[in-house]
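**Student:** coordinates only, sequence not included:
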């Protein structure tokens, strides 16, 4: 093993130790933190992070979805989707990657390095997802899930039962109470489709007048979407 390869291996092992990852296959960690610009300059070519990024993206989404399902039971599919999207996005990924300080260990080609690629948001986000993919392949689902919950702890703890950024029905009720008007009325105006895939359409009334409609795979989801439309109509939510 030449000196450069040995030094790379030792840096990756130190990173794994710092991140609390038990890595059996350091090559996976190396791949997760190798940009395509570097592979073109290597003989023989070395694999880059892109395939691991695909896998890590799926593992991250599932880990967050599992956490939300356990922590907030009986929410609607639409609510879960909105909340997961607020947690798993480019901004969150970059924030976590910066906290973990993985930029210094990413292997880049000379051109990418000179152009400031090491600090590019897209690169940091992609490498973090690839890192999650590497942890999944190396240690299995439980290892990947535990890693995601640990490194995204700060983002996940911001979400609680009282979080109203996604509970539009509660926000609409609070608006009515503050405006000293009657609470909203939700009326199912249509339902269609087979029982296992029925869609509902709900209309919401304020002051006796219709102010919004919403659709969903359950009455609860349709009510949430109708409440969102009503909040937009009342100027309480940016469109």
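**Tutor:** Cool, got the structure. Given the structure is predicted, the values throughout are model-derived calculations rather than measurements.

**Student:** and stretch 175-191, which residues are buried?
**Tutor:** Buried residues in stretch 175-191, defined by neighbour count with 16 or more other C-beta atoms under 10 Å: 175, 176, 184, 186. C-beta here means a position set from N, CA and C on the backbone, and glycine is covered the same way.

**Student:** With adjacent residues omitted, what lies nearest to residue 102?
**Tutor:** Closest residue in space to residue 102, ignoring its immediate chain neighbours: residue 127 at 6.1 Å, by C-beta to C-beta, 6 or more residues apart in numbering.

**Student:** doesn't residue 31 make contact with that neighbour?
**Tutor:** No - between residue 127 and residue 31 there is no contact under C-beta atoms under 8 Å: 10.5 Å.

**Student:** picking that back up, quick one: the residue nearest to residue 102 from residue 136, how far?
**Tutor:** 15 Å (C-beta to C-beta, to the nearest Å).

**Student:** Can you pull the domain assignment for the protein?
**Tutor:** Domain assignment for the chain by automatic domain parsing gives 3-157, 168-233.

**Student:** how about TSV for the ones you listed, with mean pLDDT added?
**Tutor:** Listed next are the domains of the chain as TSV, based on pLDDT from 0 to 100:
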stretch	mean pLDDT
domain 3-157	90
domain 168-233	91
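
**Student:** Confirm that residue 213 sits in a strand.
**Tutor:** Yes - according to DSSP: H, G, I helix; E, B strand; the rest coil, residue 213 belongs to a strand.

**Student:** who touches it in this structure?
**Tutor:** Neighbour list for residue 213: 189, 201, 202, 203, 204, 226, 229 [criterion: C-beta atoms under 8 Å, 6 or more residues apart in numbering].
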